[in-house]
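Undergrad: Show me the folded form of this:
(2 chains)
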Amino acid sequence: GQNIDQPTEMTATEGAIVQINCTYQTSGFNGLFWYQQHAGEAPTFLSYNVLDGLEEKGRFSSFLSRSKGYSYLLLKELQMKDSASYLCAVRGLHSGYSTLTFGKGTMLLVSP
Amino acid sequence: DGGITQSPKYLFRKEGQNVTLSCEQNLNHDAMYWYRQDPGQGLRLIYYSQIVNDFQKGDIAEGYSVSREKKESFPLTVTSAQKNPTAFYLCASRNRQGPPYEQYFGPGTRLTVT
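TA: The predicted structure follows:
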């Protein structure tokens, strides 16, 4: 089976840095994704890690440690528009096919 | 513009009625997926399809059915057997052949059954 844990809520201040953690247990691990979802909207892709280490993309970075089953999403220079839910998703095997299993999401509230 | 469309955005039905949610993509993706999202929950996989005329049950397939007669289309039927059908339904697709590896999502359909 697959199990993904991430904090339910986080708060931060505009301009600050926030780190959202994700731990997972899965069979047939083949990559970890982070998505951003604003209320009532579709998730949008942020980052993908398949090897250990840090991937940087502008204000957003994502880290993966496969041996620890751990990832984090780092958001720098927070803006009000970053208030959203952040979903950690792990790609694994389901009936022999590659599928994504999502965590419940971390609701980030950025305040002025 | 390439993308995924879902219609309608809001759908209301009476209990006991079947309802079909549409999902169309023009990204030439082989794989398509249906998810359900409830408040405060992550996305849960209902059904997925890797190629035309083939599909597999996800984690919560009971009370749902799908078809994949065309590459571009993957409609989901919510049957009267689904005990809690009110939810936000998201369709996604991805390229099976290589990068990019991420799934692309449609705008979603919010279904309310009373």
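
Undergrad: On the C-terminal side of the strand or helix carrying A:Arg91, identify the next helix or strand.
TA: For A:Arg91, the element it lies in under DSSP states H and E is strand A:84-94. Using DSSP H and E, the helix or strand that follows strand A:84-94 towards the C-terminus is strand A:97-102.

Undergrad: ok, residues contacting that following strand?
TA: Applying Cβ atoms under 8 Å, 6 or more residues apart in numbering or on different chains, the contact partners of strand A:97-102 are A:2, A:4, A:26, A:30, A:33, A:87-94, B:33, B:35, B:42-45, B:48, B:50, B:56, B:58, B:103. Where C-beta positions appear, they are placed from N, C-alpha and C, glycine not excepted.

Undergrad: Just the buried ones from those?
TA: Buried residues within the contacts of strand A:97-102, counting neighbours by 16 or more other Cβ atoms under 10 Å in any protein chain shown: A:2, A:4, A:26, A:33, A:87-92, A:94, B:33, B:35, B:42-45, B:48, B:50, B:56, B:58, B:103.

Undergrad: follow-up on the earlier one: tell me the mean pLDDT for the strand holding A:Arg91?
TA: When pLDDT is averaged over strand A:84-94, the result is 92.

Undergrad: If you count contacts, what does it end up packed against?
TA: Packing partners of strand A:84-94 (3 or more Cβ pairs under 8 Å, 6 or more residues apart in numbering or on different chains; DSSP states H and E): strand A:3-5, strand A:18-25, strand A:32-37, strand A:70-75, strand A:97-102, strand A:106-111, strand B:43-51.

Undergrad: Alpha carbons of that strand, as CSV, please.
TA: The C-alpha coordinates for strand A:84-94 follow below in CSV (Å, rounded to 0.1, in the frame of the first residue of the first chain):
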residue,chain,number,x,y,z
ALA,A,84,-3.1,27.6,-1.5
SER,A,85,-3.1,23.9,-0.7
TYR,A,86,0.2,22.1,-1.6
LEU,A,87,-0.2,18.4,-2.6
CYS,A,88,2.6,15.9,-2.3
ALA,A,89,2.1,12.9,-4.7
VAL,A,90,4.1,9.8,-5.1
ARG,A,91,4.3,7.8,-8.3
GLY,A,92,4.2,4.1,-7.7
LEU,A,93,2.7,0.9,-9.1
HIS,A,94,-1.0,0.1,-9.0
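
Undergrad: just how off-centre is it within its chain?
TA: Strand A:84-94 sits 7 Å away from the centroid of its parent chain (Cα atoms, centre = their mean, to the nearest Å).

Undergrad: Go through stretch B:100-111 and flag the buried ones.
TA: Buried-residue list, stretch B:100-111, by 16+ other Cβ under 10 Å: B:101-106, B:108-109, B:111.

Undergrad: So, low pLDDT: which residues of chain B?
TA: B:1 (pLDDT under 70).

Undergrad: can you give me the strands for it?
TA: Assigned by DSSP state E, the strands in chain B fall at B:4-7, B:10-13, B:19-25, B:31-37, B:43-51, B:54-57, B:64-66, B:76-78, B:87-94, B:104-105, B:109-113.

Undergrad: possible to save those as JSON lines with distance to A:Leu75?
TA: Below are those laid out as JSON lines (distance: least, Cβ to Cβ, whole Å):
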{"stretch": "strand B:4-7", "distance to A:Leu75": "26"}
{"stretch": "strand B:10-13", "distance to A:Leu75": "31"}
{"stretch": "strand B:19-25", "distance to A:Leu75": "30"}
{"stretch": "strand B:31-37", "distance to A:Leu75": "22"}
{"stretch": "strand B:43-51", "distance to A:Leu75": "21"}
{"stretch": "strand B:54-57", "distance to A:Leu75": "35"}
{"stretch": "strand B:64-66", "distance to A:Leu75": "35"}
{"stretch": "strand B:76-78", "distance to A:Leu75": "33"}
{"stretch": "strand B:87-94", "distance to A:Leu75": "23"}
{"stretch": "strand B:104-105", "distance to A:Leu75": "20"}
{"stretch": "strand B:109-113", "distance to A:Leu75": "28"}
